[in-house]
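Peer 1: sequence first, then the predicted structure:
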Amino acid sequence: MSKVIIIGSGPAGLTAAIYAARANLNPLVIEGVQTGGQLMITTMVENYPGFPDGIMGPQLMEHTKKQAERFGTDFVSGDVTSVDFTKRPFKVEVDGKLFDTRSVIIASGASAMLLGLESEKRLMGRGVSACATCDAFFFKNKEVVVVGGGDTAMEEAIFLTKFATKVTVIHRRDKLRASMIMQERAINNEKISFIWDSVVDDILGDETVSGIRLKNVKTGQNAEFRCDGVFMGIGHQPNTSLFKGQIEMDEKGYIITRNCTETNIKGIFAAGDVQDFRYKQAVTAAGSGCMAAMDAEKYLEESGIS
């Protein structure tokens, strides 16, 4: 039986593993299908401390995993298919195999909501992005588009104006869904323009983005639009559906935590993007992973288990 199982292997999960392993908790990490989380589809990471020249996302995750392994973390590949947090020990099922554990750290992350285009997947990290904070710097003095009409899209667009020469917001309706204050900020920004009643039908480019193909939803007319980058601003979806009915969440599916990483069930903790609807950064995820491991260690010690 494990003392702690960590669900997820992004910055939060792997940092939790490092701290839990150093505390002699012998953590077991359920990696999921995509080891390393969203950073595995990120190219250069320039805002993670300690790397003055930047580091590739997959390389950063590889280093972090090796660090966790060095201290004795065990890893299981595959996805968690079910959990039972109603009785102790907690049960976690991975592809038909059951694991018992005294505590759990949920660090399964969140996924950017995408358009589902083949070209979007192919050009992800090559001009397509879902994080302006992460990638805006690479579009200095370039022209980009932002897809979406809510607060996320407006935040992305406004942030991008610090770097890009022109930001065009593509929205399927004829008015924005964003809060009034965000609408006003975007509309009054001279670098931001809007294309209404339109959807992105395709993203153009071979090695990098060269433009998009638009379709007007009212007329059905197609048109090509030149740009250097495409940012998805249609929101994120926390990967928490597996825990519904057992773990308390908000209306969007983010896990509600109290006292930093504690959930509504003693012994179950949450870290990273599953409970962070605001920052969604690798460094903040890593920090909450550290906190979750320390909270789990304290819980086990107080329970007489550690």
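Peer 2: Nice, thanks for sending it over.
Peer 1: CA only for contacts and neighbour counts going forward, please
Peer 2: OK.
Peer 1: the closest residue to Gly205 other than its chain neighbours pairs with what?
Peer 2: When the adjacent residues along the chain are set aside, Gly205 lies closest to Gly211, with 6.8 Å between them (Cα to Cα, 6 or more residues apart in numbering). Note on Gly211: beta-bridge partners by DSSP bridges are Leu204, Arg226.
Peer 1: cool, Thr168 as well?
Peer 2: In beta-bridge terms (that is, DSSP bridges), Thr168 pairs with Val145, Ser193.
Peer 1: tell me who's in contact with Asp228.
Peer 2: Neighbouring residues of Asp228 by Cα atoms under 8 Å, 6 or more residues apart in numbering: Gly127, Phe139, Lys142, Glu143, Val144, Thr208, Val209, Ser210, Gly211.
Peer 1: let's see that with 7 Å instead.
Peer 2: The neighbourhood of Asp228, defined by Cα atoms under 7 Å, 6 or more residues apart in numbering, consists of Gly127, Lys142, Glu143, Val144, Val209, Ser210, Gly211.
Peer 1: need the residues you listed in JSON lines (columns: distance to Met61 and neighbour count).
Peer 2: As requested, the contacts of Asp228 are exported to JSON lines (distance: Cα to Cα, whole Å; neighbours: other Cα atoms under 10 Å):
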{"residue": "Gly127", "distance to Met61": "21", "neighbour count": "23"}
{"residue": "Lys142", "distance to Met61": "29", "neighbour count": "15"}
{"residue": "Glu143", "distance to Met61": "30", "neighbour count": "21"}
{"residue": "Val144", "distance to Met61": "28", "neighbour count": "28"}
{"residue": "Val209", "distance to Met61": "26", "neighbour count": "23"}
{"residue": "Ser210", "distance to Met61": "29", "neighbour count": "16"}
{"residue": "Gly211", "distance to Met61": "31", "neighbour count": "21"}
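Peer 1: show me which of these is closest to Gly304.
Peer 2: Using Cα to Cα, the shortest approach to Gly304 within the contacts of Asp228 belongs to Gly127, at 51.6 Å.
Peer 1: pLDDT score for the closest residue to the closest one other than its chain neighbours?
Peer 2: Distances taken as Cα to Cα, 6+ apart put Gly229 closest to Gly127, at 4.5 Å, once the chain neighbours are dropped. According to the prediction, Gly229 has pLDDT 98.
Peer 1: now tell me what touches stretch 56-70 from outside.
Peer 2: Everything outside stretch 56-70 that qualifies as a contact, by Cα under 7 Å, 6+ apart, is Leu14, Ala17, Ile18, Gly36, Leu39, Met40, Thr42, Thr43, Met44, Val45.
Peer 1: helix/strand/coil for the third one?
Peer 2: Each residue gets one of three states, and Ile18 gets helix by DSSP: H, G, I helix; E, B strand; the rest coil.
Peer 1: in space, what's closest to it - neighbours in sequence excluded?
Peer 2: In space, and not counting its chain neighbours, Ile18 is closest to Ala68: 4.5 Å by Cα to Cα, 6+ apart.
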